[in-house]
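# Sequence plus the predicted model coming up.
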Amino acid sequence: PAWPGRDTFEGEIFHASEYRNAEPYRDRDVVVVGSGNTGAEIAVDLVEGGARRVRLSIRTPPHVVLREALGVPTLALGMLMRRLSPKVVDPITKFAGRLTVGDLSRYGLPRPERGLYTRIIEDDAIPLIDVGLIDCLKRGDVTVIPAVKSFDGADVLLEGDERVTTDVVIAATGYERRLDGLVGHLGVLRPDGRPSIRGGRTHPDAPNLYFTGFTNPISGMFREMNIDARRIARSVARERAQGTGGRVPLVQRLRLAVPW
């Protein structure tokens, strides 16, 4: 992010995409910025890797879910709820969260007012899947601090006029899709920059141009990309068969139909 004063910061600052492991930050003070899974996982990795102090800067508290509950993976539940309405899913996940995660308000992570599925749809905000952060918060190994506002020399200025001094700032602040410059002129994008059509279908103005990804579904991005990929493959196979006046071989059709 283009934080004011970023270039004056006397410590080290970089995007999470450049993070590889915790070894360079052993015995150092680190602030991780971001409320997503990347930031949480880096924070836990830093604790396990021997960082002297780890703080997690969060602007909007996320929904927090366990990786699995009673032996059932959270993404498996997401698959079951994929087609349901937020009016159905939000109360279920709220009740489940109270039972499995509990109240994390005292650790700086109050439960969001809007429901889990509502935030996925409206804000593209995927829940934070716990990989050890809850335990780190309860032990005091990771401390939640307010959002970063700007920089001033060695200090990081936070919302609420707080300031902290740290050695390293890691910005786990997400990515831009940047499709506009690539295909924006084709009329295939929505106002938010996402493809208007994905999977096995193509836009009338751009035949044979397929998209997969660029979404954050409750059922998991990789699963949906796998489904999209097979739909795209079937469409391409049909187009090739039609172009040659032939049919898609049975073996190829069966291979494309199997979901694994």
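Noted; the coordinates are in hand.
# any low-confidence regions in this structure?
Counting by pLDDT under 70, the chain contains low-confidence ranges at 244-260.
# Could you rerun that using 50?
Per-residue confidence for the chain (pLDDT under 50) gives these ranges: 260.
# Helices of the stretch 51-200 of the chain, start to end?
Per DSSP state H, counting those that start in this stretch, the stretch 51-200 of the chain carries helices over the ranges 74-81, 86-100, 116-123, 133-139, 180-183.
# Specify the angle between the longest one and helix 116-123 in degrees.
Angle of helix 86-100 versus helix 116-123, following axes from the mean of the first three to the mean of the last three Cα atoms, to 10 degrees, is 130 degrees.
# Show me what counts as buried in helix 86-100.
Neighbour-count burial for helix 86-100 flags 86, 89, 90, 93, 96, 97 (criterion: 16 or more other Cβ atoms under 10 Å). (C-beta placed from N, C-alpha, C; glycine too.)
# now the first one
If you call a residue buried by 16+ other Cβ under 10 Å, then helix 74-81 has these buried ones: 74, 75, 77, 78, 79, 81.
# and residue 223, how far is that from residue 37?
Counting by Cβ to Cβ, to the nearest Å, the separation of residue 223 from residue 37 is 16 Å.
# quick one on the thing from earlier: kindly reformat the buried residues of helix 74-81 as CSV and extend each row with distance to residue 185.
Below are the buried residues of helix 74-81 laid out as CSV (distance: Cβ to Cβ, whole Å):
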residue, distance to residue 185
74, 40
75, 36
77, 41
78, 35
79, 36
81, 37
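# any idea which of these is closest to residue 243?
Sorting the buried residues of helix 74-81 by distance to residue 243 puts residue 79 at the head of the list, at 35.6 Å, by Cβ to Cβ.
# so that closest one sits right up against residue 219, yeah?
Yes - between residue 79 and residue 219 there is a contact at 4.4 Å, judged by Cβ atoms under 8 Å.
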